[in-house]
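J.: got a sequence here, can you build the structure:
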Amino acid sequence: MNMEAEKAQNPYHRNHFVYNEEKDCFIYPENKILPFYSTSFHKRLKAQNNAYICKDCRACDKQSLCTKGKYRQICIEQREWMREKIREKLNSVEGKIKYLIRMRIESVFGNIKHNLNYVHLYLQGIQKTTAEWQLICIGHNLKKIH
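T.: Sure, this is the predicted structure:
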């Protein structure tokens, strides 16, 4: 079973929670409210998250279905609205066409950086870096031909 099917079947998945912008809270299928709790900063991801926690879980008979912990909690990154905007663009017909074109171009750079481990150029100056880059490209093309 794929992830999308699991999300659709589970009524307590976070995608089924509705955000109320006025009250800055989430409302979930049992019509209970997850009010804003706190803001935290994730150092490794350099992302700021808003946490929403429901305090009514102890009295709820659906607690075992809704959460594994004591309280139902949702953490939303503050840049989530940007991701949703980008997802909408990528899911459009134009976005899918642009992404297919971009995948062909960027796969070469991804291969050079990740598989061939060329993360940065070592030489300085336009002529030297151009020559170094050309050698890297020759190596990439030879590997492709081989």
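J.: next, give phi and psi for residue 122.
T.: Note on residue 122: backbone dihedrals following degrees, to the nearest 10 are phi -100, psi -30.
J.: got a pLDDT number for it?
T.: Predicted confidence (pLDDT) for residue 122: 91.
J.: does it really touch residue 132, like I thought?
T.: Yes. If you go by Cβ atoms under 8 Å, residue 122 and residue 132 touch, sitting 6.8 Å apart. For every residue, glycine as well, the C-beta is placed using N, CA and C.
J.: more neighbours: which of those two?
T.: residue 132 (15 against 8; other Cβ atoms under 10 Å).
J.: hang on, the more buried one packs against residue 118?
T.: No. Here residue 132 lies out of contact with residue 118, judged by Cβ under 8 Å, at a distance of 9.1 Å.
J.: so for the longest helix along the chain, what's the average pLDDT?
T.: Counting residues, the longest helix found in the chain (DSSP state H) is helix 126-145. Throughout helix 126-145, pLDDT has a mean value of 92.
J.: how much space between residue 89 and residue 18?
T.: 23 Å (Cβ to Cβ, to the nearest Å).
J.: would you mind measuring from the residue sitting nearest the centre point of the chain to residue 77?
T.: For the chain, residue 83 is the residue whose C-alpha lies nearest the centre (Cα atoms, centre = their mean; 7.2 Å). Per Cβ to Cβ, residue 83 is found 8 Å from residue 77.
J.: other residues contacting stretch 129-145?
T.: With contact meaning Cβ atoms under 8 Å, 6 or more residues apart in numbering, stretch 129-145 is reached by 108, 111, 112, 116, 118, 121, 122, 123.
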